[in-house]
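Student: Based on what follows, work out the 3D shape:
(2 chains)
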Protein chains: 2
Amino acid sequence: MSLIANTPTPPYYAVIFTSERHEGDHGYAAMAERMLALAAQQSGFLGVESARSDVGVTVSYWADLESIKRWKANAEHLEAQRLGKERWYSAFKTRIAKVERDY
Amino acid sequence: MSLIANTPTPPYYAVIFTSERHEGDHGYAAMAERMLALAAQQSGFLGVESARSDVGVTVSYWADLESIKRWKANAEHLEAQRLGKERWYSAFKTRIAKVERDY
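Tutor: Below you'll find the model as predicted:
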């Protein structure tokens, strides 16, 4: 199976989440895996691509802004966001972008 | 220095390039480094974030579509794109997206 998301014809939306982590796992890996599985169950979810070297770059794809808003407000995801700020990430940035073209 | 790009207030553009590589370097690492340095010299370039695990995710940020078009047509970059298809990548996808919001 390809790790490149099989997204539909644009337009659709991308959430680009870039992060730098503190040293040590502190429950991060299990939560990251749980969040990928949970995101995939949400309505409007189109796929995700994720890699980590010195920095982590995770791009999730969504049908519309409403789906992104609902996922951001998901209770379990909110808890993960809270732990991320408090425990795992030394820095992070989220960008919401409309994919206009792909090839 | 943070590895998270210090981009301006939106709107601006993102090029999300996701790839899977064949085994072995075959000149890839040197070219990847050269392309990051060369991209950073282009007008309209705003920053880049890149990570590779099983998949590589590189997001470069640009002021406008015109800058992206010029970079895509850069002679040295065209040669890298050719070698990428021929030698380095088993699969890849490029997405052009307009960043509407960040936080």
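Student: Strands of chain A, residue ranges please.
Tutor: Along chain A, counting by DSSP state E, strands occupy A:12-21, A:45-52, A:56-62, A:89-102.
Student: Buried deepest among those strands, which one?
Tutor: strand A:56-62 (a mean of 24; mean count of other CB atoms under 10 Å in any protein chain shown). All C-beta atoms are positioned from the backbone trio N, CA, C, and that covers glycine.
Student: Off-centre distance for that strand?
Tutor: In terms of CA atoms, centre = their mean, to the nearest Å, the centre of strand A:56-62 is found 4 Å from the chain centre.
Student: Residues contacting it, please?
Tutor: The contact list for strand A:56-62 (CB atoms under 8 Å, 6 or more residues apart in numbering or on different chains) reads A:5, A:7, A:12-21, A:39, A:44-51, A:68, A:71, A:99, B:16, B:18, B:49-51, B:57-59.
Student: Starting from it, tell me which strands it pairs with and how they run.
Tutor: strand A:12-21 (antiparallel), strand A:45-52 (antiparallel) (DSSP bridges).
Student: Can you list the neighbours in contact with the shortest one?
Tutor: When contacts are taken as CB under 8 Å, 6+ apart, the neighbours of strand A:45-52 outside the stretch itself are A:3-8, A:12, A:21, A:36, A:39-40, A:56-63, A:67, A:71, B:16, B:18, B:51-57.
Student: if you set the cut-off to 6 Å instead, what comes out?
Tutor: Strand A:45-52 has contacts (CB atoms under 6 Å, 6 or more residues apart in numbering or on different chains) with A:5, A:7, A:12, A:39, A:57-62, B:18, B:51-53, B:55-57.
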